[in-house]
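Student: need a structure here:
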Amino acid sequence: MLHEFLTANRTELITRCTTKAAKRFASSLAPIALGHGVPLFLQQLVETLRLQEIPSDLGLVPPTTEISRAAGLHGADLLRQGYTVEQVVRDYGDVCQSVTELACEQDLDISTAEFGVLNRCLDDAIAEAVTSFGRGHQTLINERAETSHQRMRVFTDEYRRLVGIALQAFNAIKTGNVGVTGSTGRLLFHTLEDLRSLADRTGL
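Tutor: Numbering: from 1, shown residues only. Sure, this is the predicted structure:
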């Protein structure tokens, strides 16, 4: 079963994700971000898969809720550490790629149901992490908005932030790991609405 595979290969999967991130960014930064995000996500994914086998009327906290909470904290952590929104998306993309690569190497057949759980968890995590990152970035921008010149900078930064989120959400959907009707798809839709609202507020 997939949760047993993830548990048995946890260290290898974390190493693979760390290696992939180090190729894109300074290797000195990668372990800091991944030490919080990827290991916790893998643990929660295992718990989610296990709970799929337990009756849903026991009053347990939905595991995807915990994944969303942790992903939100991870997005905020990445912002404080100086990462971009692209890294937020790619962190979770690395997990999916590493899992599928290793499963293929070990000839493990991932069931359709298990793969659906993996994709749903990735979808929720990406959407919440990107949202949290963007929310924190907007707070930083607002703190600098004191003069008309700064307000123009705020508009430019906000525009770039929203476009960045929209592009990363679209890229995540384009990989096929998450669907357009899931959390990431909804994030893309709301981001486009925010872009339209931004233009309306500024008379563009």
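Student: what's the pLDDT at the spatially closest residue to G134 that is not a sequence neighbour?
Tutor: Ranked by C-beta to C-beta, 6 or more residues apart in numbering and with sequence neighbours excluded, the top spatial neighbour of G134 is I165, at 5.3 Å. In this view, the C-beta of every residue, glycine as well, is placed from N, C-alpha and C. pLDDT for I165: 85.
Student: again, but for C104
Tutor: For C104, the model assigns a pLDDT of 93.
Student: what's around it, how many residues?
Tutor: 11 (other C-beta atoms under 10 Å).
Student: can you point out the buried residues in stretch 89-102?
Tutor: V89, R90, D91, Y92, G93, D94, V95, C96, Q97, S98, V99, L102 (16 or more other C-beta atoms under 10 Å).
Student: same question, stretch 7-26
Tutor: For stretch 7-26, by 16+ other C-beta under 10 Å, it's N9, L13, I14, R16, C17, T18, K20, A21, F25.
Student: nearest to L49 among the buried residues of stretch 89-102?
Tutor: Nearest to L49 out of those is V99 (C-beta to C-beta; 11.5 Å).
Student: roughly how far does the closest one sit from E105?
Tutor: Counting by C-beta to C-beta, to the nearest Å, the separation of V99 from E105 is 11 Å.
Student: one more: G116?
Tutor: 22 Å.
Student: kindly report the same for S197.
Tutor: Distance, S197 to E105, by C-beta to C-beta: 47 Å.
Student: next SSE after the helix or strand bottoming out on mean pLDDT in the chain?
Tutor: Confidence across the helices and strands of the chain bottoms out at helix 63-80, with a mean of 64, counting by mean pLDDT, DSSP states H and E. Downstream of helix 63-80, the first helix or strand assigned by DSSP states H and E is helix 85-105.
Student: in what helix or strand does the closest residue to E101 other than its chain neighbours lie?
Tutor: Spatial nearest neighbour of E101, chain neighbours left out: R16 (7.3 Å); criterion: C-beta to C-beta, 6+ apart. Here R16 sits within helix 10-24, counting by DSSP H and E.
Student: avg pLDDT for that helix?
Tutor: 85.
Student: what angle sits between it and helix 85-105?
Tutor: In terms of direction (axes from the mean of the first three to the mean of the last three C-alpha atoms, to 10 degrees), helix 10-24 departs from helix 85-105 by 130 degrees.
Student: show me where pLDDT drops low in this protein?
Tutor: The chain contains residues with pLDDT under 70 at 25-36, 53-85, 133, 135-151, 199, 201-204.
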